[in-house]
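J.: no sequence for this one, just the structure:
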């Protein structure tokens, strides 16, 4: 890129060999052969393991890590993550089946999300997992299921606090939100849980996601603990678990830099003794998704055409927004920004031209990158989109216009 254009945070987690990007010890040509076609997603299990290990080393002892399956629900990824973390969070009955198939103990699985249907709640009660109640209606449905099934549901209350995670990519709390129960309504629900004899497990307070500012995370986590201690005064039993969410971001766009975990870890170390003193035996949970898997994945598409339109160069690939909605800028971005991209088979070639990378769909929204500077590309080259291990394949409209779906690999 030119000196005037901000650059992405370095993408240095992958090896380059003979000009080819490598992942999981395999070069791009071998990955393409293994996938059998392009486009495809590939995820590096080693990088996922390293991320969990480095996070545990940075955090104070006694913090439990849960993986939010929605970030990447590929069964092989979930199976791998299940062996690294302390629990899983699901957001549907489909994800619950994936979690149970991975061999995770039901007591280490939680179920969050608004609008849980009766069959989903019934499956959760039967499995013995923790249901994060998001409304009084969900509570009433769970009570009815308990009466008919004879099981005692395990429940926690998801709280919509009166604060939000500042500078968050997606705000999940504060003000009017579809997620969780407003904090001021929680005490009454806690008393009702005690009245009907459900197994109360604790509280889930999640403020937002994709945050790269440690000071914002520190503030939100401090407010979360304060709120949890206040609400615990009305708890119908011991607070066994306190899920403080996550919100840890990864660098996607020009100017982004990796999250500094130091202040976050220091805050947790300073506040946890108070929390454990006032909530004896409580398990404090950090629930993370993209932070654990996002940087371990890539998306690869093939250049099928190169065209010039009024002096602007377009590289047209066989992949696009139908496979990677987030990279196209249509998954929550207000102002479109580029994910880091490269020519995966020409990593050592010098940049020569500024191009737009677009997909094969009949819509001007089908953009993978705009005005990026790359080596001169030709049909048959492979475009790689980095930071693609989370909210990629399953967050995209793969059936749009009937193009083939991408392959997924865990290597």
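T.: Everything's here; your move. From a predicted model like this one, the values you see are computed outputs, not experimental measurements.

J.: hang on, residue 29 in a helix?
T.: Yes. Assessed with DSSP: H, G, I helix; E, B strand; the rest coil, residue 29 lies in a helix.

J.: That one reaches residue 20, doesn't it?
T.: Yes. Using CB atoms under 8 Å, residue 29 is in contact with residue 20, at 6.5 Å. In short, each C-beta sits where N, CA and C put it, glycine included.

J.: Any regions of the stretch 101-250 of the chain where pLDDT drops low?
T.: Residues of the stretch 101-250 of the chain meeting the criterion pLDDT under 70: 164-178.

J.: So residue 54 lies in a helix, does it not?
T.: Yes. Under three-state DSSP, residue 54 sits within a helix.

J.: ok, so what distance separates it from residue 295?
T.: 11 Å (CB to CB, to the nearest Å).

J.: Look at these two and report which has more neighbours.
T.: More crowded of residue 54 and residue 295, by other CB atoms under 10 Å: residue 295, with 26 against 11.

J.: List phi and psi for the more buried one.
T.: Main-chain dihedrals, residue 295, degrees, to the nearest 10: phi -80, psi 0.

J.: With adjacent residues omitted, what lies nearest to it?
T.: Once flanking residues are discounted, residue 295 sits nearest to residue 250: 5.4 Å by CB to CB, 6 or more residues apart in numbering.

J.: Tell me the secondary structure at that neighbour.
T.: Per three-state DSSP, residue 250 ends up coil.

J.: I'd say it and residue 290 touch.
T.: Yes. Counting by CB under 8 Å, residue 290 is a contact partner of residue 250 at 5.9 Å.

J.: More neighbours: which of the two?
T.: Using other CB under 10 Å, the more surrounded residue of residue 250 and residue 290 is residue 290, with 26 against 20.

J.: thinking again about what came up before, spit out the residues that contact residue 54 and residue 295 alike.
T.: With contacts taken as CB atoms under 8 Å, 6 or more residues apart in numbering, residue 54 and residue 295 have no neighbour in common.

J.: Please enumerate the strands of the stretch 251-400 of the chain.
T.: Taking DSSP state E, counting those that start in this stretch, the strands of the stretch 251-400 of the chain run over residues 283-288, 297-309, 312-317, 341-343, 353-358, 367-374, 382-385.

J.: avg pLDDT for the first one?
T.: Averaged across strand 283-288, pLDDT comes to 97.

J.: packing partners for that strand?
T.: For strand 283-288, the packing partners by 3 or more CB pairs under 8 Å, 6 or more residues apart in numbering; DSSP states H and E come out as strand 63-68, strand 241-243, helix 261-278.

J.: Check the fifth one too.
T.: Where contact means 3+ CB pairs under 8 Å, 6+ apart, strand 353-358 is packed against strand 312-317, strand 367-374.

J.: repeat for the fourth one
T.: Contact analysis of strand 341-343 by 3+ CB pairs under 8 Å, 6+ apart lists strand 367-374, strand 382-385 as its packing neighbours.

J.: Of these, which is nearest residue 302?
T.: strand 382-385 (5.8 Å; CB to CB).

J.: I'd like to check what contacts the closest one. Which residues are they?
T.: 21, 28, 32, 38, 298-303, 315, 317, 319, 324, 327, 339-345, 357, 368-369, 377.

J.: strand partners of it, parallel vs antiparallel please.
T.: Strand 382-385 sits in its sheet next to strand 297-309 (antiparallel), strand 341-343 (antiparallel), going by DSSP bridges.

J.: tell me the most buried of those strands?
T.: strand 341-343 (a mean of 23; mean count of other CB atoms under 10 Å).

J.: What mean pLDDT does that one get?
T.: 97.

J.: What are the phi and psi values at the residue of the chain most remote from its centre?
T.: In the chain, the residue that sits farthest from the middle, by CA atoms, centre = their mean, is residue 310; the gap is 39.5 Å. When quoted as degrees, to the nearest 10, the phi and psi of residue 310 stand at phi 50, psi 50.

J.: And the pLDDT at it?
T.: If you check residue 310, the pLDDT there is 95.

J.: Contact partners for it?
T.: Taking CB under 8 Å, 6+ apart as the definition, residue 310 has no contacts.

J.: Please report how far it lies from residue 74.
T.: 41 Å.

J.: cool, and residue 241?
T.: 27 Å.

J.: Now do the contacts for the residue nearest to residue 295.
T.: Neighbours of residue 250 in contact, by CB under 8 Å, 6+ apart: 210, 212, 258-259, 290-291, 294-295, 387, 390.

J.: and if you look at residue 249?
T.: Counting by CB under 8 Å, 6+ apart, residue 249 touches 169, 209-212, 259, 290-291.

J.: Now, these that are in helices?
T.: When DSSP state H is applied, the contacts of residue 249 are split such that 290-291 fall in helices.

J.: so which of the contacts of residue 249 would you say is closest to residue 132?
T.: Within these, proximity to residue 132 (CB to CB) peaks at residue 209, which comes in at 16.0 Å.
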